[in-house]
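Colleague: Just to be clear, the model below is a prediction. Sequence and coordinates:
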Amino acid sequence: MTACSDAREKMQMFQNFAGCDMIAGTIAVYCAVGARCGAGIKRGSILALGETPERISTFPFDCLGEPVYPVLLQLHLRHLGFPAAQREPIRRFARFSGDRLLFGKGEILVAAPEPTSRT
């Protein structure tokens, strides 16, 4: 096994299992996440800022909105010099609450497209 293929496997595992069994906290993910993302989450938030994740059956859609703290977190990460955070902050999110198999107090915030203005 080469170092490159080992790194790919680790990245794929992270994408599939990001936030699994998380007790509390926030994870900002700037890449795609898989269908098991957030499985077993008790409390906490996962910000999916990259590609739209696969649908997770135990995380039903809750609402669409513009929460403040993800924007502040993105600006802080930009200030710290994180390369992925150098773009304009995402302001609009679809909220999926879960994991419904547990308490349902966690959330996955998925970047949502800005609405187009009608003129």
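Modeller: Great, that's in hand.

Colleague: Tell me which stretches of the protein form strands.
Modeller: Here the chain has its strands, by DSSP state E, at 26-29, 43-48, 61-65, 93-98, 105-111.

Colleague: Compare those strands and report which one is nearest to Arg87.
Modeller: Comparison of the strands of the chain against Arg87 by Cβ to Cβ identifies strand 105-111 as nearest, at 11.1 Å. For the C-beta atoms, the positions are set from N, CA and C on the backbone; glycine is no exception.

Colleague: ok, residues contacting the closest one?
Modeller: The contact list for strand 105-111, computed with Cβ atoms under 8 Å, 6 or more residues apart in numbering, reads 19, 22, 37-38, 41-50, 52-53, 56, 59, 62, 67, 70, 90, 92-99.

Colleague: Show the buried residues in these.
Modeller: Among the contacts of strand 105-111, those classed as buried by 16 or more other Cβ atoms under 10 Å are 19, 22, 37-38, 41, 44-50, 53, 56, 59, 67, 70, 90, 92-99.

Colleague: pLDDT of stretch 57-71, averaged?
Modeller: For stretch 57-71, mean pLDDT is 91.
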